[in-house]
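>>> turn this into a structure:
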Amino acid sequence: MNNDSSTTRLVALLRSELSRLQPGERLPSTRRLVDTHKVSPITVTRALAALGAEGLVVTRPGTGTFVAQSPARMTMSDHSWQTIVLGDRAVDTEYLAPLLDPLYDDSLISLGTGYLHPSLLPTKALGTAMARAARLSDAWDRPPVLGLRPLRSWFAQSAGPGIDLRDVLITSGGQGAITTILRALVPAGEPILVESPTYPGALAVARAAGIRPVPVPTDGEGVIPEHLSHAFARTGARAFYVQPTYQNPTGAVLSTERRGQVLRAAAEAGAFVIEDDFARWLSHGSRTPPPLLADDSDGRVVYITSLTKVASGSLRIGAVIARGPVAERIHSLRLVDDMFVPRPTQEATLELVSRAGWDRHIHDLSEALTRRSEVLAGALHTHVPAVSLGSRPLGGLHLWVRLPLGFNDAEVAMAARRAGVVVIAGRPFFPAEAPAPYLRLTFSSAPTELDLEAGVRRLAAAVPGLTEGSSD
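From the prediction side, this is the model:
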């Protein structure tokens, strides 16, 4: 049994039991909790520690664990003055809401969060890598600012031939890298071109930095180069954010012909291309194309990749590859922000990716994601035929489905949640008005393939209009 899952469940049970006890009342002994809830002593210890951190219980060595006294009611303060000082630069985090769903809430089936279910993680390999890293004599030494040389070399080789490890910077995952790069390349108040639809996290970063996202239309082959050229000319933008491989949310792969056209459009505009290659290791069995970086001869592409999606949401390790003066600016900003990625995390990552088990994990994950994509697509066709799904993506974690005209995607998502399934409304993926209602459905976060079909059945029950005919 997953120990984190056991701890989470026990914390929820004990929290419910505490609501029926009086302050100062003693909890059952560890042995009794073990027998009652059929868990290990370490799980009980962790659960009690979590409740203690919440201030719900107090542990007295040699005596036991007791219900904590209720804290004195705080006097309500007037914080309205802060609104004047803070101004109107609100940070939009609405897109993160699905990530806050309880990981082990049995009442919900998640087709929302874009992470792997624990059953798909290389849990044993991660644990072994962490243990090996901890035993290294220099595990707690300060690492080089750019990152460990062998890990930088691995990322350089993964990006393709001819990439110099001296151009690689190790980062704390992809999200932080996006934040640093956008701040380095685009001044506040200036535009940045983005695919439409695109990753909401990048839109949130831009808006929080005062940068104006400008949409560029896409189709099944990725961004449309003619529109990209027009957008550069119209806005004077000096950067374009793009996900050429297994794009989030559409799953599209930028076609071979368009790759050169995108780079030429950026060159004519004197602009950078920010390539977010988050899904490099999420192929569904097909050959993943090389990144745009491989075709870049003049340092125009600033490249981001990450292991978070393929290894674990808690493995916040990624890399930025940049060449020329822009690299120095990015490195300087990173140094100001957080100096460096902790060495134990880097060492554990290096242990993980340099062992034979890593290739096995990539192969097994590819097969699992392929099956899950097929199951989810089949369930949609069977149970909600009114939605439109183009060709299934060749990689990634999502299906991008169009709702019939007249449906409100946000209302559909809310109705689905009430029915016990989490889906993501398409609206936040568009930097401007959405041309039609969409849903993003993730096939990586549900426990099993059976849960994928059950989730679609719940969606059908929540929105009966989706079961009537086809929208084609």
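
>>> show the pLDDT at Leu365.
pLDDT recorded at Leu365 is 96.

>>> list the contacts of the closest residue to it other than its chain neighbours.
In this structure, Leu365 finds its nearest non-sequential neighbour in Leu120, 6.2 Å apart by CB to CB, 6 or more residues apart in numbering. C-betas here are computed from N, CA, C, even on glycine. Leu120 is in contact with 365, 368, 444, counting by CB atoms under 8 Å, 6 or more residues apart in numbering.

>>> next step: those residues restricted to helices.
Secondary structure assignment by DSSP state H places 365, 368 of these in helices.

>>> between the contacts of Leu120, which is closest to Val194?
Nearest to Val194 out of these is Ser444 (CB to CB; 23.8 Å).

>>> any idea how far Ile274 is from the closest one?
Between Ser444 and Ile274 the computed distance is 25 Å (CB to CB, to the nearest Å).

>>> neighbour count winner among the two?
Ile274 (27 against 24; other CB atoms under 10 Å).

>>> in three-state terms, label the more buried one for me.
strand (DSSP: H, G, I helix; E, B strand; the rest coil).

>>> can you check Val401 too?
Quick answer, by three-state DSSP: Val401 is strand.

>>> same check, this time on Gly210
coil.

>>> what about it, distance to Arg238?
Applying CB to CB to Gly210 and Arg238 gives a distance of 15 Å.

>>> cool, Gln69 as well?
Distance from Gln69 to Arg238, by CB to CB: 59 Å.

>>> more neighbours: those two, which one.
Neighbours per residue, other CB under 10 Å: of Gln69 and Arg238, the larger number sits with Arg238, 18 against 10.

>>> ok, now which ones touch the more buried one?
By CB under 8 Å, 6+ apart, the contact set of Arg238 is 185-186, 190, 269-272.

>>> in the chain, which residue is closest to the centre?
In the chain, the C-alpha nearest the mean C-alpha coordinate belongs to Gly114, at 5.3 Å (CA atoms, centre = their mean).

>>> contacts only, for that one.
By CB under 8 Å, 6+ apart, the neighbours of Gly114 are 248, 309, 397-398, 442, 444-445.

>>> in which helix or strand would I find Glu133?
One correction, residue 133 is Ala, not Glu. Per DSSP states H and E, Ala133 falls inside helix 123-134.

>>> mind giving me the packing neighbours of that helix?
helix 343-353, helix 356-383 (3 or more CB pairs under 8 Å, 6 or more residues apart in numbering; DSSP states H and E).

>>> check the burial of Ser229 by counting its neighbours.
Residues near Ser229, counting by other CB under 10 Å: 18.

>>> that one contacts Ala271, correct?
No: using CB atoms under 8 Å, Ser229 is not in contact with Ala271, being 10.8 Å away.

>>> buried stuff in stretch 258-273?
258-259, 261-263, 265-266, 269, 271-273 (16 or more other CB atoms under 10 Å).

>>> could you dump those residues to TSV with pLDDT?
Formatted as TSV, the buried residues of stretch 258-273 follow (pLDDT from 0 to 100):
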residue	pLDDT
Arg258	95
Arg259	94
Gln261	96
Val262	96
Leu263	96
Ala265	96
Ala266	95
Ala269	94
Ala271	93
Phe272	93
Val273	96
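
>>> farthest pair within those residues?
Arg258 and Phe272 (17.7 Å).

>>> hey, which helix or strand in this structure has the poorest pLDDT?
helix 82-86 (a mean of 77; mean pLDDT, DSSP states H and E).

>>> from the chain's centroid, how far away is it?
Taking CA atoms, centre = their mean, to the nearest Å, the mean C-alpha location of helix 82-86 is offset from the chain mean by 31 Å.

>>> how about the helices in the stretch 101-250 of the chain?
Ranges of helices within the stretch 101-250 of the chain are 123-134, 149-159, 173-185, 200-208, 225-235, based on DSSP state H, counting those that start in this stretch.

>>> of these, which is nearest Gln82?
helix 200-208 (17.5 Å).

>>> Phe66: what secondary structure?
Classified using three-state DSSP, Phe66 is strand.

>>> just give me the neighbour total for it.
16.

>>> what do you get for Gly236?
12.

>>> report pLDDT for it.
On the pLDDT scale, Gly236 gets 95.

>>> and what of Arg15?
87.

>>> likewise Ser470?
For Ser470, the predicted pLDDT is 49.

>>> for Ala368, give its distance to Ala416.
Counting by CB to CB, the gap from Ala368 to Ala416 is 24 Å.

>>> report the contact partners of Thr180.
Counting by CB under 8 Å, 6+ apart, Thr180 has contacts 171, 320, 330, 333-334, 337.

>>> ok, and the closest non-adjacent residue to Ile321?
Tyr303 (4.1 Å).

>>> for that neighbour, which three-state class applies?
strand.

>>> that one contacts Gly318, correct?
No: the criterion here is CB under 8 Å, and Tyr303 misses it with Gly318 at 10.4 Å.

>>> any common contacting residues for the two?
Counting by CB under 8 Å, 6+ apart, no residue touches both Tyr303 and Gly318.

>>> can you tell me which of the buried residues of stretch 258-273 are in strands?
272-273 (DSSP state E).
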